[in-house]
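> coords please:
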Amino acid sequence: MRTSHAALSALALAATLLAGPTAAAPGLPSTNVAWQAAAADADIERAFAQARAERKPLFLYWGATWCPPCNQLKATFFNRQDFAALSRSFVAVHVDGDRPGAQKLGRRFKVSGYPTVVLFTPEGAEITRLPGEADASQMMAVLQLGLAGGRPVKAVLGDALAGKPLPANEWKTLAFYSWATDDQQLLPRAEVPPALVRLAVACPAGEAEMQTRLWLKALAASDEGQGVKADAALRARVQRVLADPAQARQQMDTFAGSDAAAIVRVLEPDEGGAGRAPLVAAFEAALRQLQADATLSRGDRMGALYGRVELARLDLPRDAAQVRLPEPLLKDVREHVAAADREISDGYERQAVVTFGASVLGRAGLWAESDALLKANLAKSHSPYYLMSQLGGNARRQGRNDEALDWYAQAFEKSEGPATRLQWGSGYLSALVDLAPQDGARIEKTAAQLFAEAAKDEGAFEGRSLRSLQRVGSRLQTWNADGRQAAALRRLQAQLDGLCPKVDAADGQRAACQALLKPTPKKAEQAA
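Numbering: from 1, shown residues only. This is a model prediction of the structure:
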């Protein structure tokens, strides 16, 4: 997909901009619950008014149609009969990030990552953020705790860090809290690993399962050397969990996926150390059992397989594309992913698990199989543009840059929903700047199209959409680092000059628009 290298005038740009697909109406997460779709403050106020009138908590689900973990929740949690029965005890609200106004709600509730699940008191205080990565039955248990009169998590955390005694249910709330989606509303990101260590130390010995969970979370969050200083007692605790199938299953979500390798790096940082091989072997054995556990969801079992691949890559460069892993592991990867692809019939589960499987194949160095899986599933996916982006990533990691750009272009073209289109478009533009900086016409045309779409979206300068546009601005400034693209940036700035005055000045939105193509102070100093 190529365009002329000649510079385009602002008039020509305006004439050739693509309108892009219209936004598909986001669906509700499930049909068995009385979900209320929300996209504006008025929707939320009505929902909270109902919650107060009925004296019920409010359950907020923030997600997107394409998002694999969101689809995992739809396939394994929201469709459960016990969740549907429990939903009579709360007001269920769904915010799809692509609904008009949704990104403003994201800022209001400090939610950005898809999916985020929050339980509120009727007055609007957060009881907890639910762990979407946990086993569905565990997530259900945490929800039931919150519905049984749980205190707001901020108060619970404050008391725990202050050394005050907590009841067992509050230790469970902290141990299962979703730090991955906290968005720094409880603690700054850098403070999470040491806080988890403090919580693990403070947790009573009688709450052994919760204490272990907190230690495992602290270890996984400390991959870069933050928070945890490993000692013999902590190593022994982890080994006991791995050696006990029941404990390993209880704690599965704390060490599956990439977390097993992260924990090994903290506990045994020396690649040649005597303790590393036995620890890796213990993780491998536990993950193999979880991968074969038919009581777990396919997504969780795929996470166990992913963990095994990451352990096999432990001493390789983290971004290495061409790797040679043990043949028995490669055989397991091929067979497990093929079985999932063959057996899955639910569309939500397919979007979650097959895309995950393609990532596992790629991390194992099986790029041809990963590509084939994704291409075979394009027609089966309700969000094929997500798979197209994965195909672009596969091609890029293998150095096939023209193919990568073609896939990124198709993904952007097919993407649906205002926030999603800005996200996919910013990714495409970033790849163009990295892989084809000489193609000025295509870069300028893509940026102009994104600004034109932002002009039609009242939420373009909020939340994830703003971050997508800021990424566009940053990449364009990088592209013009030597000043050779100054004319293109002037034309794009002229387009913004027509757009920004129409943007709401509230909450810094207009100022954010005006700053998109302005160098940061550091860049301005470098340019001078």
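> How much space separates residue 142 from residue 148?
Distance, residue 142 to residue 148, by C-beta to C-beta, to the nearest Å: 11 Å. In short, each C-beta sits where N, CA and C put it, glycine included.
> Between the two, which is the more surrounded one?
For residue 142 versus residue 148, the count of surrounding residues by other C-beta atoms under 10 Å is larger for residue 142: 24 against 9.
> so the more buried one touches residue 129, yeah?
No: contact criterion C-beta atoms under 8 Å: residue 142 and residue 129 do not qualify, at 9.7 Å.
> these two touch, right, residue 517 and residue 489?
Yes: using C-beta under 8 Å, residue 517 is in contact with residue 489, at 5.9 Å.
> shared neighbours, those two?
Residues touching both residue 517 and residue 489 by C-beta atoms under 8 Å, 6 or more residues apart in numbering: 476, 477.
> before we move on, back to that, hey, what's in contact with both of residue 142 and residue 148?
Contact with both residue 142 and residue 148 is made by no residue, according to C-beta under 8 Å, 6+ apart.
> helix/strand/coil for residue 410?
Following DSSP: H, G, I helix; E, B strand; the rest coil, residue 410 is assigned to helix.
> repeat for residue 317
Assigned by three-state DSSP, the conformation of residue 317 is coil.
> show me what contacts residue 107?
Listed by C-beta under 8 Å, 6+ apart, the contact set of residue 107 reads 462, 463, 507.
> closest to residue 181 among the residues you listed?
Of all these, residue 181 sits closest to residue 463, with 13.9 Å by C-beta to C-beta.
> Give me the pLDDT for the closest residue to the closest one other than its chain neighbours.
Nearest non-adjacent residue to residue 463, counting by C-beta to C-beta, 6 or more residues apart in numbering: residue 103, 3.5 Å away. With respect to pLDDT, residue 103 has a value of 94.
> Run a quick neighbour tally on residue 103.
Counted with other C-beta under 10 Å, the neighbours of residue 103 add up to 28.
> is it true that it touches residue 468?
No: taking contacts as C-beta under 8 Å, residue 103 lies outside contact range of residue 468: 10.0 Å.
> Quick check: neighbours shared by those two?
Common contacts of residue 103 and residue 468 (C-beta under 8 Å, 6+ apart): residue 419.
> where in the protein is pLDDT low?
For the chain, applying pLDDT under 70 flags the ranges 1-26, 224-225, 520-528.
> got the residue ranges for the strands in it?
In the chain, the strands defined using DSSP state E lie at 36-37, 58-63, 91-96, 116-120, 126-129.
> and the closest residue to residue 362 other than its chain neighbours, how far is that from residue 274?
Nearest residue to residue 362, sequence neighbours excluded (C-beta to C-beta, 6+ apart): residue 370, at 4.4 Å. Distance, residue 370 to residue 274, by C-beta to C-beta: 36 Å.
> Which one of the two is surrounded by more residues?
Comparing residue 370 with residue 274 by other C-beta under 10 Å, the one with more neighbours is residue 370, at 24 against 8.
> and the gap between the more buried one and residue 391?
From residue 370 to residue 391 the distance is 9 Å (C-beta to C-beta).
> Then residue 145?
For residue 145, the distance to residue 391 equals 42 Å [C-beta to C-beta].
> What is the end-to-end distance of stretch 30-47?
Length of stretch 30-47, first residue to last, C-alpha to C-alpha, to the nearest Å: 18 Å.
> what comes into contact with that stretch?
The contact list for stretch 30-47 (C-beta under 8 Å, 6+ apart) reads 26, 28-29, 58, 61, 74, 78-79, 81, 83-84, 87, 91-96, 99-102, 104-105, 108.
> burial measure for residue 243, as a count.
Neighbour count for residue 243, taken as other C-beta under 10 Å: 12.
> which residues touch residue 296?
By C-beta under 8 Å, 6+ apart, residue 296 lies in contact with 135, 249, 252, 290, 304.
> Mind doing that once more with 10 Å?
Applying C-beta atoms under 10 Å, 6 or more residues apart in numbering, one finds that residue 296 lies in contact with 76, 135, 136, 249, 252, 256, 290, 302, 303, 304.
> Next: residue 428.
389, 392, 405, 407-413, 415, 442-443, 446, 449-450, 472.
> what do you get for residue 443?
3, 428-429, 432-433, 436-437, 475-476, 479, 485, 488, 492.
> what's the answer for residue 145, then?
Residue 145 makes contact with 119, 127, 128, 168, 169, 170, 172, 173, 176, according to C-beta under 10 Å, 6+ apart.
> I'd like to know which of those is nearest to residue 210.
Closest approach to residue 210 among the contacts of residue 145 (C-beta to C-beta): residue 172, at 5.6 Å.
> Quick check: the gap between the nearest residue to that closest one once chain neighbours are set aside and residue 216.
Excluding the flanking residues, the one nearest residue 172 by C-beta to C-beta, 6+ apart is residue 210, at 5.6 Å. Counting by C-beta to C-beta, the gap from residue 210 to residue 216 is 11 Å.
> Find the residues that touch each one of these two.
Here residue 210 and residue 216 have 175, 200 as joint contacts, going by C-beta under 10 Å, 6+ apart.
> quick one on the thing from earlier: surely the residue nearest to residue 463 meets residue 454?
No: the criterion here is C-beta atoms under 10 Å, and residue 103 misses it with residue 454 at 11.5 Å.
> Need the overlap of contacts for these two.
Common neighbours of residue 103 and residue 454, counting by C-beta under 10 Å, 6+ apart, are 418, 422, 460, 461, 465, 466.
> that older thread, now render the strands of the chain as TSV, adding mean neighbour count and distance to residue 313.
Formatted as TSV, the strands of the chain follow (neighbours: other C-beta atoms under 10 Å; distance: least, C-beta to C-beta, whole Å):
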stretch	mean neighbour count	distance to residue 313
strand 36-37	16	42
strand 58-63	25	30
strand 91-96	24	35
strand 116-120	23	29
strand 126-129	23	30
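> Any idea which of the ones you listed gets closest to residue 278?
Residue 278 sits nearest to strand 126-129 of all the strands of the chain, at 35.5 Å, using C-beta to C-beta.
> what pairs with that closest one, and is each one parallel or antiparallel?
strand 116-120 (antiparallel) (DSSP bridges).
> mind checking how far the strand it pairs with is from the chain centre?
Distance of strand 116-120 from the chain centroid (C-alpha atoms, centre = their mean, to the nearest Å) equals 16 Å.
> Let's see stretch 207-218 as CSV, backbone CA atoms only.
Presented in CSV, the C-alpha positions along stretch 207-218 are these (Å, rounded to 0.1, in the frame of the first residue of the first chain):
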residue,chain,number,x,y,z
GLU,A,207,-3.9,-16.0,56.6
ALA,A,208,-1.2,-18.1,54.8
GLU,A,209,-2.9,-18.2,51.4
MET,A,210,-3.4,-14.4,51.3
GLN,A,211,0.1,-13.8,52.6
THR,A,212,1.6,-16.0,49.9
ARG,A,213,-0.5,-14.3,47.3
LEU,A,214,0.8,-10.9,48.4
TRP,A,215,4.4,-12.2,48.3
LEU,A,216,3.9,-13.6,44.8
LYS,A,217,2.4,-10.4,43.6
ALA,A,218,5.3,-8.4,45.1
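> Buried ones in it, by neighbour count?
When burial is assessed from 16 or more other C-beta atoms under 10 Å, stretch 207-218 yields the following buried residues: 207, 210, 211, 212, 213, 214, 215, 216, 217, 218.
> Tell me the residues that contact both of residue 370 and residue 391, please.
Contact with both residue 370 and residue 391 is made by residues residue 358, according to C-beta under 10 Å, 6+ apart.
> In the stretch 201-350 of the chain, what residue spans correspond to helices?
Taking DSSP state H, counting those that start in this stretch, the helices of the stretch 201-350 of the chain run over residues 208-221, 232-243, 245-250, 252-255, 259-267, 276-291, 298-312, 327-343, 347-363.
> Turn those helices into CSV, including distance to residue 53.
Listed next are these as CSV, based on distance: least, C-beta to C-beta, whole Å:
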stretch, distance to residue 53
helix 208-221, 35
helix 232-243, 45
helix 245-250, 39
helix 252-255, 36
helix 259-267, 42
helix 276-291, 44
helix 298-312, 37
helix 327-343, 45
helix 347-363, 33
